[in-house]
Structure formats: C-alpha cells, structure tokens
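In: okay, predicted coordinates and the sequence, questions at the end:
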Amino acid sequence: MGDRWQVEVDRSVCIGSAQCVHLAPAAFRLDAGMQSHPLEPETDANEKILEAAEGCPVEAVMISLLSSGEPVFPPEE
C-alpha cells in the first residue's frame, strides 16, 4: 500500500495563478475568490499533485505524510 498525503493550500499566500489547477486539474480548483483548494485534502500519493506543489510560484501548496505529518513538500531545510 502506498503513502497517503495531507494536501493543504495556504490561502494567505495563494495568489490564484492556477498553476496547480493546470498541472493537476483532478486535484485542485479555484474558488470564487480565485484561491486554490484541494478537492481531496487527504489523498493517495500522486506525482501530479507533487508537480502542482512544485509548480506553485509562491509555494502555497503544502504536502505532508498523513501518517506522520512529515513534510513531503516543501522539504524541510
């Protein structure tokens, strides 16, 4: 069985660029305020979601392991 992720968008940072929606349209949507949100905050590990997080120009998308809370993206420095 694969990893499960907690996906969050920091709405105080999100600028509505829609890069996450473009890169992972099945995982993210923009709301009426032009801010992103994950369609399923708890999801199976998915390369498209990771690409979306990496592609966010302001790093508003955060991914952590659901089981431990360990960060997947952005990585701890």
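Out: The structure has been received and is ready for your questions.
In: got the residue ranges for the strands in this protein?
Out: With DSSP state E, the ranges of strands along the chain come out as 4-9, 28-30, 36-38, 42-44, 61-65, 71-73.
In: and of these, who's closest to residue 15?
Out: Residue 15 sits nearest to strand 36-38 of all these, at 9.3 Å, using Cβ to Cβ. All C-beta spots, glycine's among them, are computed from the backbone N, C-alpha and C.
In: paired strands for that closest one, with orientation please.
Out: Partner strands for strand 36-38, per DSSP bridges, with pairing direction: strand 28-30 (antiparallel).
In: grab the most central residue of this protein for me.
Out: Centre of the chain computed as the mean C-alpha position; nearest residue by Cα atoms, centre = their mean is residue 61, 4.0 Å away.
In: thinking again about what came up before, could I get the strands of the chain in a markdown table, plus columns for distance to residue 19 and mean pLDDT?
Out: Output for the strands of the chain, formatted as a markdown table (distance: least, Cβ to Cβ, whole Å; pLDDT from 0 to 100):
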| stretch | distance to residue 19 | mean pLDDT |
| --- | --- | --- |
| strand 4-9 | 12 | 98 |
| strand 28-30 | 9 | 97 |
| strand 36-38 | 9 | 96 |
| strand 42-44 | 18 | 97 |
| strand 61-65 | 9 | 97 |
| strand 71-73 | 14 | 96 |
